[in-house]
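Undergrad: okay, predicted coordinates and the sequence, questions at the end:
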Amino acid sequence: EAGVAQSPRYKIIEKRQSVAFWCNPISGHATLYWYQQILGQGPKLLIQFQNNGVVDDSQLPKDRFSAERLKGVDSTLKIQPAKLEDSAVYLCASSPVDTQYFGPGTRLTVL
Amino acid sequence: SQQGEEDPQALSIQEGENATMNCSYKTSINNLQWYRQNSGRGLVHLILIRSNEREKHSGRLRVTLDTSKKSSSLLITASRAADTASYFCATDDSGGGADGLTFGKGTHLIIQP
């Protein structure tokens, strides 16, 4: 079974630029999550989708972050404009019921 | 904010010994999960224990849950070099359809040959 796919794996940008990350969940998983993991900390939930609807985005900084899941499959997370403190690994996960399966993540460095 | 707090923050043991990590959390939960993370394989799910369960086993892993103390422990028996990684506890503490996980800061485990 193919796992959660993410791209790109690495991205370096300058502050105030915009960036987008892509996630393809495991086939058949209705629920998709985006997490932010800052170095030395555990992942923090940004947004949860059920099919193509948002279930929880209470921790998403909506002034600069946006996410969508068109057609209930792939998802993109965008940051515009990026700040230095956005440097982190962005993890996508999908779930059929309880257990969440994580992708390899995108490591973002903001200079 | 982070729900879980793992203890210790770092642990170094000899190969073959047992490793125990603890997790404390603050609010009522639906379930608690343990994940392993290393640079090679990202975050890997290890085991899930529900709020009405007290103990669960999976291979060399044993997890306990004490909801009265809001704590959990992960025991890895007969450790191997490949067990070197960071271990996180994560709680599903949301109601309704929202079940995003709240992670702790993790325990960094080093297995010395």
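TA: Great, that's in hand. Residues are numbered from 1 along each chain as shown, chains lettered A, B, ... in the order given.
Undergrad: need the nearest residue in space to the residue in chain B that chain A sits nearest to, chain neighbours excluded.
TA: Proximity of chain B to chain A (C-beta to the nearest C-beta) peaks at B:F103, 3.1 Å away. In short, each C-beta sits where N, CA and C put it, glycine included. Ranked by C-beta to C-beta, 6 or more residues apart in numbering or on different chains and with sequence neighbours excluded, the top spatial neighbour of B:F103 is A:G42, at 3.1 Å.
Undergrad: tell me the secondary structure at that neighbour.
TA: Per DSSP: H, G, I helix; E, B strand; the rest coil, the local secondary structure of A:G42 is coil.
Undergrad: thought it was touching B:G104?
TA: Yes - the pair A:G42 / B:G104 is scored as a contact, 5.3 Å apart, by C-beta atoms under 8 Å.
Undergrad: show me what contacts B:R80?
TA: Residues near B:R80 by C-beta atoms under 8 Å, 6 or more residues apart in numbering or on different chains: B:15, B:111.
Undergrad: just after whatever helix or strand B:V63 lives in, pick out the following helix or strand.
TA: Per DSSP states H and E: B:V63 is located in strand B:61-66. Next in sequence after strand B:61-66, counting helices and strands by DSSP H and E, comes strand B:71-76.
Undergrad: which neighbouring elements make contact with that next one?
TA: Judged by 3 or more C-beta pairs under 8 Å, 6 or more residues apart in numbering or on different chains; DSSP states H and E, strand B:71-76 is in contact with strand B:19-24, strand B:31-38, strand B:42-50, strand B:61-66, strand B:85-92.
Undergrad: mind checking the SS state of the spatially closest residue to B:G42 that is not a sequence neighbour?
TA: Leaving aside its sequence neighbours, B:G42 sits nearest to A:P104 (C-beta to C-beta, 6+ apart; 4.7 Å). The three-state assignment at A:P104 reads coil, by three-state DSSP.
Undergrad: what are the phi and psi values at A:P104?
TA: The phi and psi values for A:P104, taken as degrees, to the nearest 10, are phi -70, psi -20.
Undergrad: any idea what the residue of chain B closest to chain A is bridged to?
TA: B:A90 (DSSP bridges).
Undergrad: what's the local residue count around it?
TA: By the measure other C-beta atoms under 10 Å in any protein chain shown, the count of residues near B:F103 is 25.
Undergrad: verify the stated contact: A:N52 with A:L70.
TA: Yes - the pair A:N52 / A:L70 is scored as a contact, 6.5 Å apart, by C-beta under 8 Å.
Undergrad: more neighbours, the two?
TA: More crowded of A:N52 and A:L70, by other C-beta under 10 Å: A:N52, with 14 against 9.
Undergrad: so who does the closest residue to the more buried one other than its chain neighbours touch?
TA: Nearest residue to A:N52 in three dimensions, chain neighbours excluded: A:G72, at 4.1 Å (C-beta to C-beta, 6+ apart). Counting by C-beta under 8 Å, 6+ apart, A:G72 touches A:30, A:49, A:51-52.
Undergrad: give me phi/psi at A:G72?
TA: A:G72 has phi and psi values of phi 70, psi 20 when expressed as degrees, to the nearest 10.
Undergrad: hang on, the earlier thing: tilt between the strand holding B:V63 and strand B:19-24?
TA: With axes from the mean of the first three to the mean of the last three C-alpha atoms, to 10 degrees as the basis, strand B:61-66 and strand B:19-24 are set at 30 degrees to each other.
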